[in-house]
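A.B. asks: Using only what follows, build the 3D model:
(4 chains)
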Protein chains: 2
Amino acid sequence: MSKTNPAFMSGVPELLVLRLLTRDEMYGYELVKAIRNTTLESITLAEGVVYPVLHNLEAKGMLRSREVEANGRSRVYYKTTAKGKRRLKELLKEWDRVSGGINAALGDTYA
Amino acid sequence: MSKTNPAFMSGVPELLVLRLLTRDEMYGYELVKAIRNTTLESITLAEGVVYPVLHNLEAKGMLRSREVEANGRSRVYYKTTAKGKRRLKELLKEWDRVSGGINAALGDTYA
DNA sequence: TATATTACCTCGTAGTTATAGGTATAGGCT
DNA sequence: AGCCTATACCTATAACTACGAGGTAATATA
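C.D. replies: Residues are numbered from 1 along each chain as shown, chains lettered A, B, ... in the order given. So this is what the prediction gives:
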């Protein structure tokens, strides 16, 4: 119902950003589209969500950035650091635990 | 990291409560244990989480309650209403969409 | 000339989960 | 009697964070 606190989205931006930036170095605008693509259009994170996450993760040492000039525009490329990869591993474990638990509860028709 | 807003938990209390109370009528204390059990100990929601959700959902007409005396203690049994079932259906759809999207993004190793 | 796309960004809000606390009865153990 | 555990209900506060709306500026397209 609410737009600001949608169901099942907590932790998702952080997870997806870390995951995709572990695979490839990308800049924010590119990342926004990559999220839409890799989630098969199921999840769209607007720029207003992605950029703050990028800044926050970089501040925490999870991401490293470098500026690159392209077409007269400047792009900021990000990549996951070793620390970020550890955090990703942690989040993946959490995701398995929570989604596993939910699916178990949804699955058993008998109590 | 954070204790108050842990990853992947948004919407989960509401989903599990509606799901379990659609299956069986239950009282709060019982529900807390049922959540732990049906999620295979993967998810534990404390009473401080469950009771407010029950009150909130009842206020919204998603649950109906009745008080029952048992062993000198009073129990408040809850059950999902028709409106609650519609909300549950909605949440299940959301869960499929979001978890499907995440798993797709995690799954493909190549972009 | 106007619009769409690329590319970056910030601010404010909303809403909900979690923790920590609180009350009270019943039953078991020493 | 005294203590602890389990049962059973409850509230208030804080912290977090995803979202929407907005803003800048360059390039490409119509």
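A.B. asks: where do the strands sit along chain A?
C.D. replies: A:26-27, A:63-70, A:73-80 (DSSP state E).
A.B. asks: is DNA strand C contacted by the second one?
C.D. replies: Put plainly, it is strand A:63-70. Yes - applying Cβ under 7 Å from any atom of the strand, one finds strand A:63-70 touching DNA strand C at residue A:70. (C-beta placed from N, C-alpha, C; glycine too.)
A.B. asks: what do you get for the last one?
C.D. replies: Yes - for strand A:73-80 and DNA strand C, the contact criterion (Cβ under 7 Å from any atom of the strand) is met by A:73, A:74, A:75, A:76.
A.B. asks: Does the second one touch residue A:65 like I think?
C.D. replies: This means residue A:74. No - Residue A:74 is beyond contact range of residue A:65, at 11.6 Å (criterion: Cβ atoms under 8 Å).
A.B. asks: got the residues of chain A near chain B?
C.D. replies: A:5-12, A:14-16, A:19-20, A:23-24, A:34-35, A:37-40, A:42-43, A:91-92, A:94-95, A:97-102, A:104-106, A:108-109, A:111 (Cβ under 8 Å from any Cβ of the partner chain).
A.B. asks: And the lengthiest helix in chain A, what does it pack against?
C.D. replies: If you go by DSSP state H, chain A has its longest helix at helix A:82-107. Under the contact criterion of 3 or more Cβ pairs under 8 Å, 6 or more residues apart in numbering or on different chains; DSSP states H and E, helix A:82-107 touches helix A:12-23, helix B:12-23, helix B:28-38, helix B:82-107.
A.B. asks: if you set the cut-off to 6 Å instead, what comes out?
C.D. replies: For helix A:82-107, the elements it packs on are helix A:12-23, judged by 3 or more Cβ pairs under 6 Å, 6 or more residues apart in numbering or on different chains; DSSP states H and E.
A.B. asks: so for the helix it packs on, what's the average pLDDT?
C.D. replies: Helix A:12-23 comes out with an average pLDDT of 98.
A.B. asks: Show me which residues of chain A are close to DNA strand C?
C.D. replies: So chain A meets DNA strand C at A:1-2, A:4-5, A:27-30, A:47-48, A:51-52, A:54-55, A:70-71, A:73-76 (Cβ under 7 Å from any atom of the strand).
A.B. asks: Give me the buried subset of those.
C.D. replies: Neighbour counting over the residues of chain A next to DNA strand C (16 or more other Cβ atoms under 10 Å in any protein chain shown) leaves A:27, A:28, A:54, A:76 as the buried ones.
A.B. asks: Of those, which pair is most distant in space?
C.D. replies: Based on Cβ to Cβ, the longest span within those runs between A:27 and A:54 and measures 9.3 Å.
A.B. asks: nearest residue to residue A:14 other than its sequence neighbours?
C.D. replies: What sits nearest to residue A:14 in space, not counting adjacent residues and going by Cβ to Cβ, 6 or more residues apart in numbering or on different chains, is residue A:53, at 6.1 Å.
A.B. asks: State the distance from that neighbour to DNA strand D.
C.D. replies: 6 Å (Cβ to the nearest atom of the strand, to the nearest Å).
A.B. asks: and that residue, how many neighbours does it have?
C.D. replies: 19 (other Cβ atoms under 10 Å in any protein chain shown).
A.B. asks: for the one 10 residues further on, same thing?
C.D. replies: A count of neighbours around residue A:63, defined by other Cβ under 10 Å, yields 22.
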